[in-house]
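**Student:** just need the structure, nothing else, for what follows:
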Amino acid sequence: MDYTRINAETIDRWVEEGWEWGVPLSHEQFRRAQEGDWSMLLTPTKPVPKQWFPPLKGLRVLGLASGGGQQMPIFAAQGADCTVLDYAKRQLESERLVAEREGYRLQIVRADMTQPLPFADAAFDLIFHPVSNCYIEDVGHVWAECHRVLRSGGLLMAGLDNGVNFLFRDGDERTVHYSLPFNPLRDARLLQDLAATDSGVQFSHTLEEQIRGQLQAGFRLLDLYEDTNGSGFLHEHGVPTFWATLAQK
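**Tutor:** Residues are numbered from 1 along each chain as shown. Predicted structure coming up:
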């Protein structure tokens, strides 16, 4: 099954319906970012610590599965040389809209991160990778490719779903419905449940896949933090459902 095509089409629908991660930065927000008033998210609610970011002027930044016109405009406002890769057409249209409106240069690449990244070795200084690994089955490939396209000393900032959300059905966080790992390619019932809520094809991943996987790819873990869903029963009870990591090649 071509599940990445299904996910790209699903995300395009979400954007058309007003998905929060597909609403591009406004002109006023861009201007404020140019003046130094900005923050970025890898996970739903906690901003990335400012100390994670090196001086951004002239930095070669890859926004990996980071379309939507939210993070790349902020990097561009700080003088970074930005490339964005995504497979959702609507997300890339938002990137193009903001870049044209604000007059900065942006390389836009429509591609699937489950395949080899279409970049040379050591092409980037920093990769910004918001939560999106939950839409692919094999995250080890992504870490290996990130390591390849980063220069020595380059940074990887990643938002990661820790798997807890996959225990529950959409809208019901009080009763455990599923077991882990959650992999709809191996269980047709899961695929049917996802289709019923227009959720695309999603996968749970473990700490071993997400963080140990970065270490095995050759990264050095520098820092991390946890985050919640931002709303709902688990959020109200302080249950962390996401991680964000800072790693260095």
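
**Student:** do a quick rundown of the strands in this protein.
**Tutor:** Residue ranges of the strands in the chain, as given by DSSP state E, are 60-64, 81-86, 106-110, 124-129, 150-161, 220-227, 242-248.

**Student:** tell me the contacts of residue 143?
**Tutor:** Under the criterion of CB atoms under 8 Å, 6 or more residues apart in numbering, the contact list for residue 143 reads 213, 214, 216, 217, 219. C-beta: built from backbone N, CA, C; applies to glycine.

**Student:** what distance do you get for residue 31 to residue 48?
**Tutor:** 21 Å (CB to CB, to the nearest Å).

**Student:** again with residue 223
**Tutor:** The spacing between residue 223 and residue 48, counted by CB to CB, is 10 Å.

**Student:** drop anything exposed from the contacts of residue 143.
**Tutor:** Neighbour counting with 16 or more other CB atoms under 10 Å marks 213, 214, 217, 219 as buried within the contacts of residue 143.

**Student:** dump those residues to TSV, plus distance to residue 151.
**Tutor:** Shown next, in TSV, are these (distance: CB to CB, whole Å):
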residue	distance to residue 151
213	20
214	17
217	15
219	13
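
**Student:** between those residues, which is nearest residue 203?
**Tutor:** Nearest to residue 203 among the buried ones among the contacts of residue 143, counting by CB to CB, is residue 213 at 13.5 Å.

**Student:** that closest one reaches residue 139, doesn't it?
**Tutor:** Yes - with contact defined as CB atoms under 8 Å, residue 213 reaches residue 139; the gap is 5.8 Å.

**Student:** for this protein, what are the low-confidence residue spans?
**Tutor:** In the prediction, the chain carries no residues with pLDDT under 70.

**Student:** in it, which spans are helices?
**Tutor:** 3-16, 27-34, 72-77, 89-102, 139-149, 188-196, 207, 213-217, 232-236 (DSSP state H).

**Student:** need the winner for burial among these.
**Tutor:** The densest packing among the helices of the chain, expressed as mean neighbour count by mean count of other CB atoms under 10 Å, is seen in helix 72-77 with a mean of 25.

**Student:** which strands or helices does that helix pack on?
**Tutor:** Using 3 or more CB pairs under 8 Å, 6 or more residues apart in numbering; DSSP states H and E as the contact criterion, the neighbours of helix 72-77 among helices and strands are helix 27-34, strand 60-64, strand 81-86, helix 89-102.

**Student:** could you dump the ones you listed into a markdown table and include distance to residue 241?
**Tutor:** Below are these laid out as a markdown table (distance: least, CB to CB, whole Å):
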| stretch | distance to residue 241 |
| --- | --- |
| helix 27-34 | 27 |
| strand 60-64 | 21 |
| strand 81-86 | 23 |
| helix 89-102 | 23 |
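
**Student:** among those, which is nearest residue 132?
**Tutor:** Residue 132 sits nearest to strand 60-64 of all these, at 7.8 Å, using CB to CB.

**Student:** okay, now the sheet partners of that closest one, with direction.
**Tutor:** In the sheet, strand 60-64 lines up against strand 81-86 (parallel), strand 124-129 (parallel) (DSSP bridges).

**Student:** contacts for that strand?
**Tutor:** Residues outside strand 60-64 that contact it (CB under 8 Å, 6+ apart): 71-72, 75, 80-86, 113, 117, 119, 123-129, 132, 142, 146, 149.

**Student:** any of the residues you listed buried? List them.
**Tutor:** Among those, those buried by neighbour count (16+ other CB under 10 Å) are 71-72, 75, 80-86, 113, 117, 119, 123-129, 132, 142, 146, 149.
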